[in-house]
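1. Give me a 3D structure for the following:
(2 chains)
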Amino acid sequence: MDWTTAERAGTLQPSLPRMTTDNKQISRSQATAVICLPDKPVVSITPSASWIALDLKSVWAYRELLYFLTWRDVKIRYKQTVLGAAWAILQPVMMTIIFTLFFGTLAGVKSDGIPYPIFAFAGLLPWTFFSNSVSNSGNSLVSSASLITKIYFPRMIIPGAGVCAGLVDLMIAFGVMIPLMIYYRVPLTLHLFMLPVVIIMAALLALGVGMWMSALNVKYRDVRFAMPFMIQIWMFASPVIYPLTNVPQRYQWILALNPMTGIIQGFRSSLLGQPFHWPALAFSAVITVATLIYAAYFFRHMEKSFADIV
Amino acid sequence: MKPIIKVENLGKQYRIGTRSQSYATLRETIVEMARAPFTKLRGTNGGRADETIWALREVDMEVAAGEVVGIIGRNGAGKSTLLKILSRITDPTTGRVDLYGRVGSLLEVGTGFHPELTGRENVYLNGAILGMHRSEIERRFDEIVAFSELEKFLDTPVKRYSSGMYMRLAFAVAAHLEPEILVVDEVLAVGDSQFQKKCLGKMDEVAKGGRTVIFVSHNMAAVQALCNRVVWLDGGKVVAEGESGRVVSNYLKTSFSALTERIWDDRQTAPGNDKVRLHRARVRPQHGHPSDNIDVHTPIVVEFDFWNLVNDAYLNLNFALYNEEGRNVFQTAPANETEWHGRAYPVGLFRSSCFIPGNLLNDGGHRLELLVVKDQTVVVYSDTELLAFEVRDDVDVRGGWHGKWPGAVRPNLEWKTELLARG
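-> Sure, this is the predicted structure:
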């Protein structure tokens, strides 16, 4: 008798492998019944051009990941510390005390008629936020190498989360500003409404600089060492611990080129009710937007090679 | 039918050294630019073209919706690069891929797990990283936890987990991804066998749910069990593709080379150490030479000739046999040997032979791992691939059927059928 191959297989093979073959056939027919493919590809993967679109749509699609990464950063930052989130407050407070001692008391820096401690704290608050955000997001890509090489998502989320976690710290540190303002009897003014605008500007500038640094950092690890140094210089070039009026008139324009000048002045003005320096603020806004756009394109340009070189 | 994945002329070029020396320093770049400003401007062509390799070249493939496709090949064949391109982690250098569905990739189990966070928190974080929405995670949370069997440890930081628990939680999250296309790398290589079975079961379930799966593995048994079709890559190119059983057996045939006899004449340099050195190792049919064919019925002899270099040593030769799927077929030691077992060996040349009866081994490649044990406990010498041989199938007995007979062994067992009652 001449058995066909299939019959032979059926009689000889134990039942298990045969079952799997049957199931596969079932699943295949099910699949054709269930799946209805779209006409156009959902995703097309091609070698990318050197300058590519920002693709903010996919960033928006992954907004929940931004939330979770921010939440993770905040959650783990103060793990296994005794003081916990109090560090977010202590950092600017300690700096305020030190600067008050050295600049306010010993050097006698004039602070536009405002008590020096509150003057310094109102400057250190946005500055601490800015510098922490820049350094966090600047190092974020390199420290997320294991994510970058294993899974796809819009990479901008990573430095973005660094800035968002900084915002949380800023909110916590703000808790000190309120008793300080009560103690020094600083009245609230309508200027306070500008505060969110200024904070958003600071956040966007931090995001721009942070994104730029993080992308550079992937390729040139020098950034990690240069960044703290750069941030330190930047602080002294911003009116954080001294007012702009203390700078000789003919050098003031140099400081005005620094986008943080307008932001810090704006922050202080909204809280302490001083007049706004509108031109400086407008200039800061322009620089912020320009930095952000340039950094975003630069980031996208570098993005495709992250997984290969990180 | 229209494919759900369409790969055309796909290529990926790496600059050699990008992987090992992964980043340049600013200083180097400046120096390099100062030295040769024009090579930089001309792009990568000028003089550096030969420093690149193609990890993937001219790959074309199509995958239909609902198919489970296995990707096999040696290390460095381009499997991982292909997966990385499909999951959009890295860009191709040439060609294009069109995906007609959402891709979820699982190149590593537990990507983004943070040791300081609790199990519960990591489920959310990992889920979000894998592209799940929060509502989706919440909806499937109980299912995920049940799959992981870690209900009691959900609020413990994962750094206190054992590695097995960690893997279980991580796989549980990944297993509940619901993309149309699932790309999976060698994730089953980890964990205990019971967990592996569970993972394979889950993968099978996913495949039956009508989703498309691309699966890379070195575990040929898993590939054959899960995949309808297999693509075999070598040197970045597709060597063969088709029905999984056929491609896998061709792959195993070429990747397997027999090594039935090895001789070392020099007592100073032969493999071993100052206690014991091998002179010769061979595997042959009981009535034949190492070069003769061995089929499933052939009784086999394995012989080891070795110099014992230390007086009064209590030596014990042990070997384990593995089949081509990497499964341990058996392990044996000369416990029932009457002449020398349990006696002190004087310095000298010895021969130990082991007789493997016919009708025991299944067909396919086998690898022999040797362990020389002293005083019952100390391993003085081992070689994981001392010998390798192929057991051929006997086609006559099996009629025209060419499928692989399953099982690690193929004993010729006695059967008896009786008529107990007529009518």
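2. so which strand or helix has the nearest residue to A:Leu90 once chain neighbours are set aside?
-> Spatially, and ignoring its direct neighbours in sequence, A:Leu90 is nearest to A:Leu83 (6.8 Å; Cβ to Cβ, 6 or more residues apart in numbering or on different chains). (Glycine included, C-beta is placed from N, CA and C.) For A:Leu83, there is no host helix or strand (DSSP states H and E).
3. So which helix or strand of chain B has the lowest pLDDT on average?
-> The weakest-scoring helix or strand in chain B, judged by mean pLDDT, DSSP states H and E, is helix B:37-41 (a mean of 47).
4. Near chain B, which residues of the stretch 101-250 of chain A? Just list them.
-> For the stretch 101-250 of chain A, the residues in contact with chain B (Cβ under 8 Å from any Cβ of the partner chain) are A:146-153, A:218-223.
5. of the residues you listed, buried ones?
-> Among these, those buried by neighbour count (16 or more other Cβ atoms under 10 Å in any protein chain shown) are A:147-153, A:218-223.
6. Closest one of those to A:Tyr67?
-> A:Phe153 (12.9 Å; Cβ to Cβ).
7. give me every residue that touches the closest residue to that closest one other than its chain neighbours.
-> Among residues not flanking A:Phe153 along the chain, A:Tyr62 sits closest, at 5.2 Å (Cβ to Cβ, 6+ apart). By Cβ atoms under 8 Å, 6 or more residues apart in numbering or on different chains, the residues touching A:Tyr62 are A:153-154, A:157, B:131.
8. do that again at 10 Å, thanks
-> Residues in contact with A:Tyr62 (Cβ atoms under 10 Å, 6 or more residues apart in numbering or on different chains) are A:68-69, A:152-154, A:156-157, A:160, B:128-129, B:131.
9. One more: B:Asp142?
-> Going by Cβ under 10 Å, 6+ apart, B:Asp142 touches B:Glu151.
10. Then B:His341?
-> Taking Cβ under 10 Å, 6+ apart as the test, what B:His341 contacts is B:314-316, B:333-335, B:352.
11. just A:Gln274 next, same as before
-> A:112-114, A:119, A:122, A:189, A:191, A:243, A:265-266, A:268.
12. repeat for A:Ala107
-> A:99, A:101, A:242.
13. how many other residues sit next to residue 285?
-> Reading this off chain A. 19 (other Cβ atoms under 10 Å in any protein chain shown).
14. please go with chain B instead
-> Neighbours of B:Pro285 using other Cβ under 10 Å come to 16.
15. Quick check: it vs B:Arg262, distance?
-> Between B:Pro285 and B:Arg262 the computed distance is 17 Å (Cβ to Cβ, to the nearest Å).
16. tell me the phi and psi of the residue nearest to A:His191 when sequence neighbours are not counted?
-> Computed as Cβ to Cβ, 6+ apart, the closest residue to A:His191 that is not its neighbour in sequence is A:Ser270, at 4.6 Å. Dihedral angles of A:Ser270 (phi, psi; degrees, to the nearest 10) stand at phi -60, psi -40.
17. Help me confirm that A:Ser270 comes into contact with A:Ala202.
-> No - contact between A:Ser270 and A:Ala202 fails when scored by Cβ atoms under 10 Å: they sit 11.8 Å apart.
18. ok, those two, which is more surrounded?
-> A:Ala202 (28 against 23).
19. ok so that one is a helix residue?
-> Yes - counting by DSSP: H, G, I helix; E, B strand; the rest coil, A:Ala202 is part of a helix.
20. List the contacts of it.
-> A:Ala202 is in contact with A:125-127, A:129-130, A:133, A:163, A:166-167, A:170, A:259-260, A:263-264, A:266-267, A:284, A:288, counting by Cβ under 10 Å, 6+ apart.
21. what about it, distance to B:Leu106?
-> According to Cβ to Cβ, A:Ala202 and B:Leu106 sit 39 Å apart.
22. go on, B:Ala175?
-> 9 Å.
23. So for those two, which residue has more residues nearby?
-> Comparing B:Ala175 with B:Leu106 by other Cβ under 10 Å, the one with more neighbours is B:Leu106, at 26 against 23.
24. give me every residue that touches the more buried one.
-> A:150-151, B:83, B:87, B:130, B:170-171, B:173-175, B:177, B:179, B:182-185, B:187, B:203, B:215.
25. Give the bridge partners for B:Ile214, please.
-> Here B:Ile214 sits in beta bridges with B:Val69, B:Val183, going by DSSP bridges.
26. Please, where are all the strands along chain A?
-> Taking DSSP state E, the strands of chain A run over residues A:43-45.
27. Tell me the predicted confidence for residue 233.
-> In the absence of a named chain, chain A is used. Note for A:Ile233: predicted pLDDT of 93.
28. looking at chain B here, not the other one
-> So B:Leu233 comes in at 92 (pLDDT).
29. The helix or strand hosting it pairs with which strands, and in what direction?
-> B:Leu233 is part of strand B:229-234, with elements assigned from DSSP H and E. Strand B:229-234 has the following strand partners under DSSP bridges: strand B:68-72 (parallel), strand B:237-243 (antiparallel).
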